[in-house]
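Colleague: Dropping the sequence and predicted coords here.
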Amino acid sequence: MKPSTLFWTALAAFAITAAAQTTTAAKRPRIVGVAHIALWTDNLDAARQFYGQQLGYEQAFQPDRPEAGLVFKVNDHQYVMIFPGWKGPEQLILAHIAFETDNAPQLRDYLASNGVRVPETVPKSPDGNFSFMIKDPDGHDVEFVQYLPGSLHSRNFGKFLPTTRVSERIIHVGTTVSDRAAYDHLYRDILGFREFWHGGPTDEQINWVDMRVPDGTDWYEYMLNVKNPSARTLGVMNHMALGVPDVQSGHKTVQSRGLTPAEGPKIGRDGKWQLNLYDANLTRTELMEPKPVQKPCCSPMMN
């Protein structure tokens with residue numbers, strides 16, 4: 001074979017290999033569910049009372065230093081994290097939301113290939129997992145976590161799961177959204193989330209859009225049409241929902257632990273029973289039954 005032929009053959013092989021590597025790097029790995037919600041507080045004792053005593057979650061990975069915050073375990077893959085040091089109304093109570101992926105470095109590469117600003121690398125975090133953070137269109141921090149064998153979380157699978165838990169699963173998290181098109185581009189077009197219901201206070205208004213993770217059943221909820229929100233409104237909008245088989249039973253449980261909600265259970269516009277609870281910093285936790293008991297408003301609920 002002539003030298004020139006060898007050169008072009010080698011060049012072609014290199015191009016094919018490079019293209020294959022690029023395709024692999026740009027492939028989206030699985031995003032399987034909500035990993036955690038993280039909140040700021042100025043009262044750790046009140047957080048312990050609400051999330052620990054009244055909702056029944058156990059503190060996992062007890063920190064050595066009070067300033068390290070609290071970690072309440074919902075299940076082996078989902079947590080509520082509470083950070084101390086809230087500075088007041090000028091600081092958002094919501095610290096960040098997080099989703100679980102099966103390959104965080106690959107997801108970083110995939111997002112980078114789609115024009116999303118990401119960190120340069122994904123090193124192991126102090127707890128032994130892979131994780132990284134991005135900003136959503138409104139500047140909220142969004143984290144992606146990959147639990148690794150031998151990490152702090154993995155070593156404690158099966159632990160810190162008392163029978164007192166009012167719910168065993170975070171079924172969704174929600175945040176304020178100012179520009180639906182921008183969020184659709186990130187969550188639907190790039191990350192592969194799928195809309196399965198939308199609704200509002202009237203049939204003509206869309207205030208809530210439920211976007212299911214691409215490889216699981218949890219969802220992220222757009223909270224639309226929020227204008228000049230107060231701290232109370234932000235606590236309602238930036239929220240989490242805990243799935244329960246029976247909201248009435250959940251209501252009785254939290255009442256027996258000294259928590260008296262301002263309103264009792266009700267059927268929401270999505271046709272599901274729900275109960276709104278608030279921690280000391282006014283962040284809302286919904287108890288929600290997984291299936292509608294009456295026809296949802298506004299749009300069909302997709303499977």
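Modeller: It's in.

Colleague: going forward, measure contacts and count neighbours with C-alpha atoms only.
Modeller: Fine.

Colleague: Lys252 in helix, strand or coil?
Modeller: Using DSSP: H, G, I helix; E, B strand; the rest coil as the criterion, the local structure at Lys252 reads helix.

Colleague: Just give me the neighbour total for it.
Modeller: Applying other Cα atoms under 10 Å, we find 12 other residues in the vicinity of Lys252.

Colleague: Please report how far it lies from Lys291.
Modeller: When distance is defined by Cα to Cα, to the nearest Å, Lys252 is 20 Å away from Lys291.

Colleague: starting at the chain centroid, how far to stretch 231-239?
Modeller: When distances are taken as Cα atoms, centre = their mean, to the nearest Å, stretch 231-239 is centred 16 Å away from the chain's centroid.

Colleague: Mind checking the pLDDT average for that stretch?
Modeller: Mean pLDDT, computed over stretch 231-239, is 94.

Colleague: Just to check, Val177 is in contact with Tyr222?
Modeller: Yes: in terms of Cα atoms under 8 Å, Val177 counts as a neighbour of Tyr222; the distance is 5.7 Å.

Colleague: Could you chop the protein up by domain?
Modeller: 31-155, 170-288 (automatic domain parsing).

Colleague: Same list, the ones you listed, but as a markdown table with distance to Pro296 please.
Modeller: Compiled in a markdown table, these are given as follows (distance: least, Cα to Cα, whole Å):
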| stretch | distance to Pro296 |
| --- | --- |
| domain 31-155 | 23 |
| domain 170-288 | 4 |
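
Colleague: Out of these, which gets nearest to Met302?
Modeller: Distances from Met302 to each of the domains of the chain were compared by Cα to Cα, and the smallest falls on domain 170-288, at 4.7 Å.

Colleague: how distant is that closest one from the center of its chain?
Modeller: With Cα atoms, centre = their mean as the basis, the mean position of domain 170-288 lies at 11 Å from the chain mean.

Colleague: And for stretch 296-303?
Modeller: Average the C-alpha atoms of stretch 296-303, do the same for its chain, and the two points are 22 Å apart (Cα atoms, centre = their mean).
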